[in-house]
Every structure is written in C-alpha cells, then in structure tokens.
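Asks: the sequence isn't on hand, but the structure is:
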RNA sequence: GCGGGUGUAGCUCAAUUGGUAGAGCGUCAGCCUUCCAAGCUGAAUGUCGAGGGUUCGAACCCCUUCACCCGCUCCA
C-alpha cells in the first residue's frame, strides 16, 4: 500500500504519542534536529538491534553457503582532522560557492572572474575561468553596455572573490542578462567544526564525523591484526553522524544530526562485482523482512554524474529507496550500497604513510582490498517504519500503527476486562511474568475500548485480556491489532504465544 | 539560499475581523462498566512561537526573529 496520507498527520501522531519531538522545543526548536521520545527510542533501538543481530551476530549466508564473517566496532565521532583530508571531505567541499538566483546555477567562486570598467563604475560581467566561450560572451555584453567597439586598457579583469559585497549588485552572471543575480560567495562546508581542548584556537580545530564509514577504515588494520578475520569479511558500525545540510527538511529525513548503520565489506578486487550484487539483494530483502512492502521499495542505480567522489572508480552505487509520504509518488534514499573500490584504504595508507593493506597467506599476495559499502540510515529507517506503519482506518482511533511485531515499541498489553471481580489480580500476575522477557504494558484505566485504542496508536500488536471466563477456565483473549479479532488461549500459554509471534 | 504558506491547551481547531482566550478529543481523579476512544461527575493545562513597535487597549495591525510545511536549490 502506498503512503498517500499527509505527512503532518504522521508528525502529529509522533508528537502526540511520544515517538519524536522537535529538539529544544522549549526554546522554539532548532532547525534540523529532533529528539526521540519513549516510543520512538524503543522503535529506533529495535531497528538498530535487528540490524546488528542480522548483520553481525547472525550474518547472512554467503554465496558459498557459509555465513559471512562480520565484526563490529564503535569508533570515535571526533578523529584526527587529517582523516577528513584523506577521505576527501575537507578538500572537495570547502570551496566558497556562488549561486545565481535567476538561473539557479552554482559556481565555485574562485572559478569566476569579472570584466568591467576600471573606473569602478558600471556593470561587471562574470565569466568562467578558462572558458573561452564564456569570456567572449562577457566581453561582447560589456562592449555593448559600454557602447564601445572594442575593449581597451580601461577595462580590467578581476577575480570575483576580490569584489566588495556592494559590488555584487553590479555583476551580471555568466548566463544571465540582469545584474545582481549572483549571491555573495558562501562557504559550503557540510562538516561541523568543533574545537578540541579547553583553550580553543584554530590549531585545535576538529570535525564531527559526516559519516561513520571512515572510523571503520581507520581501524581496518587493527581489526585485521586482532580479530582473526580473513578477506572477505565485513566491519559494521552504528552511530551518529553530522552534516550541516543546506536545507534540513522533511521531518527526520534530512536532519543535521542522524544515525547510520554501515558495513564495509572488504574483498578482493576480482570478487567485488559479485559481492556488490549480493549485498544489493541482501539489503533489500532485509528491509522487506521488517515490513516495508515491495511497492514502497525500489532499487535505483546512480547515474555516473551523481556518483560520490569515492565511488567513481568502482562499479557504482545502488540506492534502496522508499516511498515516503512526502516523496510520493517519488522515492527517497533509505540506504546506499556503494562500490567504493579501494579508494579509502589507499588514501589512508597514502596520507598516514603507514601500511594499510592485507596479506593473503594462501595466495601469497598482498593487496589493498576493495570495499562494498551497504550504508543504511537508522534515522531514515525509523522514519520509513513509521511511514509504513501509519494506517488510517475507520476504527474509533481513526489510525493505528501497523508495526512488524519484531520492531514494535511495545510488544503486548495486559488488561483486566473490568477493574474488579478478581480480574486485576490475575492480570497483574500475567503482566509481572511477561515483563521479564518483553516490553509489555499493564493498563486498567477507563473502558476496554479506550485501552485498545491507545495501544493501536502505539502500534502494540497484541492485547491480552483477563475476563470473567479466565477465573473459571484459565483462558484469556488475545486481541490482534490489525484485525481487531480475538482468540482464546490458556493463560499459561501467553508467554509462549508472544515468543512465537515475535520470532516470525 | 530563493519564493509561498502556517504558528492559539498534549492533539485538531475556534475567537463576530483591536476590547486581556474557548471547544472537541486526549490526559488525570472518582463512579460506573463483562470486549473496542461507551456513560456520568469533576480537575489540571496556555506569558496566543519569540522580541520590539503602534494604540487607552493587540491572538488580531507593523517590524524583526525562530520553527514547521509546500515548491525550487542542495544533499560528498
């Protein structure tokens, strides 16, 4: 079923029921940050734990019939700043950029020059460095504007970045006719700065990691040396990452602080396409196993022009995309499976001057492994689960959350049908028993209908009810969240019933 | 970053268009209740997003700012 309800309805429910709140709401919020409430935290932790279980503790069966070998790490959010130079994050994305409001083009400020009257008056015409055509165009327009046949020494070329802020109103962009459409140069560093040490200063500048992946590459040799792993193998990590997004948008989909679940799968170059294909399949099936339906998931290969700097030399990137309510009928990225080649390990070897490679004893071969990276968004995954679960209905609550029982924040509720006649005591006993193994809730307040409704919005798959018959024959009812239908089971079977339902 | 919209109780919204805020639902308490937000009674909750201005007086008009939504842009 596609998600066609308004996003606001889901956001409203998340607030109302304690899944997700705006961060710093008391102070008016802060753009791009969100807090997880009691139910949201359970949901996110369940997703994280399911991933860790299925990828690290009990990893998929490989093409040869044996389980894969994957180990976990937990690296620091702040690393030596040189890490981000080696990874390409500092160099490639720190340039001042200039936007054209008219044509929406974006230029690197240091690539733009302007030509104009040396008197400092009149319009300035911008052109792209080393672009003959662009220069010709600017020259012609300037000549026309100045009403001269040819440009002489009274017209000079200067770098755009040397202009004063006031000058930009006089600048005509490389592909516009109006002046003043170019913005002032802006830094587009998407990495968060921070300062290490109490004294501060530029020398102590560091960054909050923009991806968890680098922590894995940094520890590649440590893991190889200490964990008895052999290529091919994987290293997994879950953790926060930070990006100064230009436009945080769409609830927790694009936030400035978010969580990733990443695997770097290290293999021999000649096996890389095989593993790439393998991981695309495995990861898509995994999301499906959590209840994301086929129609809301799609695989999309990146075009060559949108590949990340690290993926250029590999065989590409596949996005696993989900149809969120705010993207429908389009899709938004949930996970990227990238072939990173051996870019990262090579770069760290180069920049550190240390040995970063692998020796295969059987083949007597030393090489830098290639990497397949299934990089999933934990925050985005949580949003996808919420989006998928949100189910408008004609029941009194008008909506219920159809979570897969495995990731549901609350697994079951225990109610006495009425708060008397010995029922509360029996219900309480059952609750005390179940709570030692599962997240369950006990509720005696108000009518049974309201209690069902509360659990529907929390997405609790099962409600156990102690009624009059329980006192006679030890049976209770189990009410199914999705169908509202009931069945009777023996009270002694409740725990086993839950175990069975949660394991499928 | 640009353009448009919105902001009032936990949620959804109202306030006769300048006279210092209400409803429904939810929540809580009590009664009642033998299966789906039932019924009865009662209660708590808002510096009307924030700051400034105009005015005798502002939720309402003006300015600034913040947040959220939509469309562009961006998304290593």
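Replies: Structure received. Source: prediction; values computed, not measured. Numbers count the residues shown, from 1 in each chain, chains lettered A, B, ... in the order given.
Asks: if I look at residue A:34, how far off is RNA strand B?
Replies: Residue A:34 sits 8 Å away from RNA strand B, taking CB to the nearest atom of the strand, to the nearest Å as the criterion. No exception for glycine: its C-beta is placed from N, CA and C like everyone else's.
Asks: so what's that residue closest to, chain neighbours aside?
Replies: Spatial nearest neighbour of residue A:34, excluding adjacent residues (CB to CB, 6 or more residues apart in numbering): residue A:252 at 5.0 Å.
Asks: where in chain A is the helix or strand with the lowest mean pLDDT?
Replies: Within chain A, confidence by mean pLDDT, DSSP states H and E is lowest for strand A:186-187 among all helices and strands, at a mean of 63.
Asks: right, is the one helix or strand residue A:85 maps to up against RNA strand B?
Replies: Taking DSSP states H and E as the definition, residue A:85 sits inside helix A:82-86. No. If you take CB under 7 Å from any atom of the strand as the test, helix A:82-86 misses RNA strand B, and the best it gets is 7.6 Å.
Asks: what packs against that helix?
Replies: Here helix A:82-86 touches helix A:213-218, helix A:343-352, going by 3 or more CB pairs under 8 Å, 6 or more residues apart in numbering; DSSP states H and E.
Asks: pull out the buried residues from the longest one.
Replies: To tie it back to what came earlier, the one meant is helix A:343-352. Neighbour counts over helix A:343-352 (16 or more other CB atoms under 10 Å) mark A:343, A:344, A:345, A:346, A:347, A:348, A:349 as buried.
Asks: ok, residues contacting stretch A:196-216?
Replies: Here stretch A:196-216 makes contact (CB atoms under 8 Å, 6 or more residues apart in numbering) with A:73, A:75-81, A:83-84, A:87, A:89-90, A:190-195, A:235, A:237-243, A:260, A:262, A:264, A:344, A:373, A:375.
Asks: stretch A:9-23 now?
Replies: A:29-30, A:33-40, A:43, A:251-252, A:325, A:386-387, A:390, A:392, A:399, A:401, A:457-458.
Asks: re the thing from before, can you put the helices and strands packed on helix A:82-86 in TSV and add distance to residue A:484 and mean pLDDT?
Replies: Shown next, in TSV, are the helices and strands packed on helix A:82-86 (distance: least, CB to CB, whole Å; pLDDT from 0 to 100):
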stretch	distance to residue A:484	mean pLDDT
helix A:213-218	45	97
helix A:343-352	51	95
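Asks: what's the model's confidence in stretch A:353-370, averaged?
Replies: Mean pLDDT, stretch A:353-370: 95.
Asks: could you do stretch A:408-428 as well?
Replies: Here the average pLDDT along stretch A:408-428 is 94.
Asks: how far does that stretch stretch from start to finish?
Replies: For stretch A:408-428, the separation between the terminal residues is 22 Å (CA to CA, to the nearest Å).
Asks: roughly how far does residue A:363 sit from RNA strand B?
Replies: Residue A:363 is 32 Å from RNA strand B, by CB to the nearest atom of the strand.
Asks: which helices and strands does the longest helix along chain A pack with?
Replies: Ordering each helix of chain A by length in residues (DSSP state H) puts helix A:272-289 first. The contact analysis (3+ CB pairs under 8 Å, 6+ apart) places helix A:272-289 against strand A:257-267, strand A:297-301, strand A:316-322, strand A:332-341, strand A:370-377.
Asks: give me the buried positions along the third one.
Replies: Looking back up the chat, that one is strand A:316-322. By neighbour count on 16+ other CB under 10 Å, the buried set for strand A:316-322 is A:316, A:317, A:318, A:319, A:320, A:321, A:322.
Asks: what's the answer for the first one, then?
Replies: Taking 16+ other CB under 10 Å as the basis for neighbour counts, the residues of strand A:257-267 that come out buried are A:257, A:258, A:259, A:260, A:261, A:262, A:263, A:264, A:265, A:266, A:267.
Asks: enumerate the residues of the stretch 351-500 of chain A near RNA strand B.
Replies: So the stretch 351-500 of chain A meets RNA strand B at A:395-398, A:417-421, A:445-450, A:452-454, A:456-457, A:465, A:467-469, A:476-477, A:479, A:484-486 (CB under 7 Å from any atom of the strand).
Asks: if we use 6 Å, what do you get?
Replies: Residues of the stretch 351-500 of chain A lying near RNA strand B by CB under 6 Å from any atom of the strand: A:396-397, A:417-421, A:445, A:447-450, A:452-454, A:457, A:465, A:467-468, A:477, A:479, A:484, A:486.
Asks: what's the longest helix of chain A in contact with?
Replies: A:51, A:54, A:60, A:62-63, A:232, A:263, A:265, A:267, A:294, A:297, A:299, A:314-315, A:318, A:320, A:322, A:334-335, A:337, A:339, A:341, A:370, A:372, A:374, A:376, A:381, A:384.
Asks: my read: residue A:191 touches residue A:89, true?
Replies: Yes. Using CB atoms under 8 Å, residue A:191 makes contact with residue A:89 at a distance of 6.1 Å.
Asks: which of those two has more neighbours?
Replies: Neighbour count, other CB atoms under 10 Å: between residue A:191 and residue A:89, residue A:89 has more, with 22 against 19.
Asks: for the closest residue to residue A:143 other than its chain neighbours, give me its contacts.
Replies: Nearest residue to residue A:143 in three dimensions, chain neighbours excluded: residue A:151, at 5.9 Å (CB to CB, 6+ apart). Applying CB under 8 Å, 6+ apart, one finds that residue A:151 lies in contact with A:115, A:139, A:142, A:143.
Asks: which phi and psi does the last one have?
Replies: What it means is residue A:143. phi -60, psi -40 (degrees, to the nearest 10).
Asks: got a pLDDT number for it?
Replies: Residue A:143 is given a pLDDT of 86.
Asks: hmm, residue A:150 and it touching each other?
Replies: Yes. Checked against CB under 8 Å, the pair residue A:143 and residue A:150 is within contact range at 6.7 Å.
Asks: comparing these two, which shows the higher neighbour count?
Replies: residue A:143 (16 against 7).
Asks: quick one, what contacts that one?
Replies: A:149, A:150, A:151.
Asks: quick one: it from RNA strand B, how far?
Replies: On the measure of CB to the nearest atom of the strand, residue A:143 and RNA strand B end up 31 Å apart.
Asks: next: residue A:68.
Replies: From residue A:68 across to RNA strand B, the span is 25 Å (CB to the nearest atom of the strand).
Asks: how about residue A:119?
Replies: In terms of CB to the nearest atom of the strand, residue A:119 sits 30 Å off from RNA strand B.
Asks: for that residue, grab phi and psi.
Replies: With angles defined as degrees, to the nearest 10, residue A:119 sits at phi -70, psi -20.
Asks: so who does it touch?
Replies: residue A:154.
Asks: report pLDDT for the residue nearest the centre of chain A.
Replies: Per CA atoms, centre = their mean, the C-alpha nearest to the average position across chain A is that of residue A:377, at 3.0 Å. Looking at residue A:377, its pLDDT stands at 95.
Asks: sec struct for residue A:237, please.
Replies: Using DSSP: H, G, I helix; E, B strand; the rest coil, the structure places residue A:237 in strand.
Asks: what about it, neighbour count?
Replies: That count, for residue A:237 with other CB under 10 Å as the rule, works out to 20.
Asks: who's in contact with it?
Replies: The neighbourhood of residue A:237, defined by CB under 8 Å, 6+ apart, consists of A:72, A:73, A:74, A:75, A:212, A:215, A:216, A:260, A:261, A:262.
Asks: can those residues go into TSV with extra columns for distance to RNA strand B?
Replies: Listed next are the contacts of residue A:237 as TSV, based on distance: CB to the nearest atom of the strand, whole Å:
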residue	distance to RNA strand B
A:72	23
A:73	21
A:74	21
A:75	17
A:212	13
A:215	15
A:216	15
A:260	12
A:261	17
A:262	13
